[in-house]
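> next come a sequence and a model predicted from it.
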Amino acid sequence: MIGLCLGLLFPLVGCSGTAVQQAFSADPQASQWTSTQQLPADYPASLNYPNANLQGVLKTKADASQEPNWQGQVQQTRWGTPDNSQDVQKFYRQLFQQQGWQLTGQKLSQQQLIFLAERQGLKVRVTIPAAATLVPAQPNPESSTTRVPLLVFFIDYVSDPNSKPDPSTPSSTPSPQSQGSQGELTGTPETESADLQTYVQDLRQLGLLTTAGESTASTPSRVLSNPNQPVTRGTFARWLVETNNRLYRDRTAYQIRLAASSQQPTFQDVPKTHPDFAYIQGLAEAGFIPSPLSGDPNQKSFKPDQPLTRETLLLWKVPIDLRRILPSATADKVKEVWGFKDAQKISPTAMAAIFADHKNGDLANLRRLLGSALLLQPQKPVTQAEAAACLWFVGVAGEGYSAKDVLQAEQQTQGSS
């Protein structure tokens, strides 16, 4: 990788201009790297690592000695993250597995791991070093004696001009907005984050994630109207029940029963006339959410119109995934398995759910909600798109169902009929 070794020694972020010049003085192409916050127009946004900053871009001619199957102009991007190499490696391995990429190769050495992947004519190379390097701390890097670790990695790509564009790559014509009838995602700022698009699309194709007044019987658009807006507690309760019952449609023993209008309301702010009464009351009757029925006398109000927080999402969702009472947990246990620096901020009632979620490995809700992160921010509101990501899979690894599983099974059944 051009400039890799030098880039690892002296990453741009947190360095003075002099340090940058010295770091790349031995690289014949060092001056061609552009220190910019502007990504190329054709950059595949779905490849973004959530906790990385862009450090530079460079366009070069494909080198057959490095990648024999690459031709034309190669766009290189350089990134920096405070996360460790293992977290970054895990993120991209999971991304390539879950988002329809073909993993064409892996090159492992003591110094680095290289992923090679393809999708719809787009060839990608992600180079991740084995270790970070120490760089001057901000805000005064020139005078600072404090050093902090920074992992510098590279994302390079080349497109086949004869292939169809990658759906995650911006395109000027035709615009994604104009293809709405074909189910393409919009390219406006209201579009959900690229790494969440697949989850939303799969669930919407199953008729889920409906909004008020929208019928599940119709074929909905594959986009959410407000994907980046917080989801309310009432809406998520409905989505949670509807998604569980849709994914487990053929396994009635795993479905959550809706409450009848004749049942006495558990929460004083969710009367029988509330549009989500059947779902909220059903969750309470089944014991999946805290309520006076489950021995929580202080939970007299549900607050359906308030934003759903991250810890509450886990508090409700994990018991449905595991279908059992959760073992107790402490902040130290959560910090041990997840590494969250703010584990002490988690409410005691949500601690067990967040700890138990880790047992689901790569299918844990927090993997889809946060990606790679060392902060949970338990009280932060959950967006509609983030809620969709968590609902995309229900159950435990090896036994649960994802929206993708159900879609593929139903498509195969329709194709054989």
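Yep, it's here. Numbers count the residues shown, from 1 in each chain.
> can I assume V334 sits in a helix?
Yes. Looking at V334 with DSSP: H, G, I helix; E, B strand; the rest coil, it is inside a helix.
> mind listing what the strand ranked longest in the chain pairs with, with the direction of each?
Longest strand of the chain, by residue count under DSSP state E: strand 147-159. According to DSSP bridges, strand 147-159 forms sheet pairs with strand 73-81 (antiparallel), strand 122-129 (antiparallel), strand 133-136 (antiparallel).
> just the CA trace of whatever helix or strand comes next after the longest one, in CSV.
Same thing as strand 73-81. On the C-terminal side of strand 73-81, the closest following helix or strand by DSSP states H and E is helix 85-98. The C-alpha trace of helix 85-98 is given here as CSV (Å, rounded to 0.1, in the frame of the first residue of the first chain):
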residue,chain,number,x,y,z
SER,A,85,-6.9,-3.0,15.4
GLN,A,86,-9.0,-5.9,16.5
ASP,A,87,-12.2,-3.8,16.7
VAL,A,88,-11.6,-2.4,13.2
GLN,A,89,-10.8,-5.8,11.8
LYS,A,90,-14.0,-7.2,13.3
PHE,A,91,-16.1,-4.3,12.0
TYR,A,92,-15.0,-4.9,8.4
ARG,A,93,-15.2,-8.6,8.5
GLN,A,94,-18.8,-8.3,9.7
LEU,A,95,-19.6,-5.6,7.2
PHE,A,96,-18.4,-7.7,4.2
GLN,A,97,-20.4,-10.7,5.5
GLN,A,98,-23.7,-8.9,6.1
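> for the remainder of this discussion, apply numbering that starts at 25.
Yep, numbering from 25; the last one is helix 109-122 now.
> how about helix 109-122: buried residues?
For helix 109-122, a neighbour-count test (16 or more other CB atoms under 10 Å) marks 109, 111-113, 115-120, 122 as buried. All C-beta spots, glycine's among them, are computed from the backbone N, C-alpha and C.
> what helices and strands are in contact with it?
strand 136-143, strand 146-153, strand 171-183 (3 or more CB pairs under 8 Å, 6 or more residues apart in numbering; DSSP states H and E).
> just send those back as a markdown table, with distance to R273 too.
Formatted as a markdown table, the helices and strands packed on helix 109-122 follow (distance: least, CB to CB, whole Å):
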| stretch | distance to R273 |
| --- | --- |
| strand 136-143 | 30 |
| strand 146-153 | 35 |
| strand 171-183 | 39 |
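> export those to CSV and tack on mean neighbour count?
Shown next, in CSV, are these (neighbours: other CB atoms under 10 Å):
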stretch, mean neighbour count
strand 136-143, 20
strand 146-153, 22
strand 171-183, 21
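> count of residues packed around the closest residue to P343 other than its chain neighbours?
Among residues not flanking P343 along the chain, F312 sits closest, at 5.1 Å (CB to CB, 6 or more residues apart in numbering). A total of 22 residues lie near F312 under the criterion other CB atoms under 10 Å.
> ok, now which ones touch F312?
Contact analysis of F312 by CB atoms under 8 Å, 6 or more residues apart in numbering lists 280, 340, 343-344.
> which among the residues you listed gets closest to K404?
K404 has its nearest neighbour among the contacts of F312 in W340, at 16.0 Å by CB to CB.
> L137 and R102, how far apart?
According to CB to CB, to the nearest Å, L137 and R102 sit 16 Å apart.
> please pick out the residue of this protein most distant from its centre.
S286 (40.0 Å; CA atoms, centre = their mean).
> re earlier: distance to K369 and pLDDT added to the buried residues of helix 109-122, as a markdown table?
A markdown table is the format used below for the buried residues of helix 109-122 (distance: CB to CB, whole Å; pLDDT from 0 to 100):
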| residue | distance to K369 | pLDDT |
| --- | --- | --- |
| S109 | 27 | 88 |
| D111 | 21 | 85 |
| V112 | 25 | 90 |
| Q113 | 28 | 89 |
| F115 | 24 | 88 |
| Y116 | 29 | 90 |
| R117 | 30 | 88 |
| Q118 | 26 | 85 |
| L119 | 28 | 86 |
| F120 | 33 | 87 |
| Q122 | 29 | 79 |
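> for the residues you listed, which one is nearest I370?
D111 (20.3 Å).
> who's in contact with the closest one?
S396.
> helices of the chain, start to end?
28-33, 41-47, 109-122, 221-229, 257-271, 301-310, 334-346, 355-362, 372-381, 389-394, 408-415, 427-440 (DSSP state H).
> would you agree T170 is in contact with P160?
Yes. Using CB atoms under 8 Å, T170 is in contact with P160, at 7.2 Å.
> the more surrounded of these two?
With neighbours defined as other CB under 10 Å, T170 and P160 compare such that P160 has more, 18 against 11.
> flag the shaky bits of this structure, pLDDT-wise.
The model of the chain has pLDDT under 70 over residues 25-61, 88-89, 161-169, 184-218, 235-247, 439-441.
> closest to the centroid, which residue in it?
By CA atoms, centre = their mean, the mean C-alpha position of the chain lies nearest to R392, the distance being 4.2 Å.
> who are the contact partners of that residue?
223, 413-414, 416-417.
> distance between the ends of stretch 412-422?
Stretch 412-422 has an end-to-end distance of 21 Å (CA to CA, to the nearest Å).
> in that stretch, what counts as buried?
The neighbour-count check on stretch 412-422 (16+ other CB under 10 Å) flags 412-419 as buried.
> which of those residues lies closest to L78?
A413 (23.7 Å).
> so what's the closest one up against?
Going by CB under 8 Å, 6+ apart, A413 touches 220, 223-224, 392-393.
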